[in-house]
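In: Okay, predicted coordinates and the sequence, questions at the end:
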Amino acid sequence: MESPIKSLYYDEVKHNLKAKLHQEVMELEERVRLLRGSNSKNRDLMISTYQRIIENKQHFMRSCNL
């Protein structure tokens, strides 16, 4: 049986991880939005890379019920 302290710690870590990942996804989505409006030389490659990172983070969040 799990102790209440361990359970609270686990919940806090899970909450902090969810908040951090959510913030990272939002920042990456903003970068993609800004890149779409730019004339950067490697724009398409950067957008594609950021979108892959976003998808990976979102998949991780879903698979861990975050």
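Out: Received it, and whenever you're ready, just let me know what you need.

In: Counting by contacts, list what the strand or helix carrying residue 56 packs against.
Out: Element membership of residue 56 [criterion: DSSP states H and E] is helix 43-63. Secondary-structure packing of helix 43-63 (3 or more C-beta pairs under 8 Å, 6 or more residues apart in numbering; DSSP states H and E): helix 4-36. In short, each C-beta sits where N, CA and C put it, glycine included.

In: From the contact counts, what lies against the helix it packs on?
Out: Packed against helix 4-36 by the contact rule (3+ C-beta pairs under 8 Å, 6+ apart) you find helix 43-63.

In: the inter-axis angle of the helix it packs on versus helix 4-36?
Out: Orientation check (axes from the mean of the first three to the mean of the last three C-alpha atoms, to 10 degrees): helix 43-63 against helix 4-36 gives 160 degrees.

In: gap between helix 43-63 and the chain center?
Out: 8 Å (C-alpha atoms, centre = their mean, to the nearest Å).

In: List the buried residues in stretch 17-32.
Out: When burial is assessed from 16 or more other C-beta atoms under 10 Å, stretch 17-32 yields the following buried residues: 21, 25, 28, 32.

In: now those residues as CSV including pLDDT?
Out: Formatted as CSV, those follow (pLDDT from 0 to 100):
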residue, pLDDT
21, 97
25, 98
28, 98
32, 97
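
In: closest to residue 53 among these?
Out: Nearest to residue 53 out of these is residue 28 (C-beta to C-beta; 5.9 Å).

In: before we move on, back to that, for the helix holding residue 56, give me every contacting residue.
Out: Around helix 43-63, the neighbours that count as contacts under C-beta atoms under 8 Å, 6 or more residues apart in numbering are 18, 21-22, 24-25, 28-29, 31-32, 35-36, 40, 66.

In: could you dump the residues you listed to CSV with distance to residue 7?
Out: Converted to CSV, those look like this (distance: C-beta to C-beta, whole Å):
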residue, distance to residue 7
18, 16
21, 21
22, 22
24, 26
25, 27
28, 32
29, 33
31, 36
32, 37
35, 42
36, 43
40, 47
66, 17
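
In: Give me the below-cutoff pLDDT ranges for this protein.
Out: 1-2 (pLDDT under 70).
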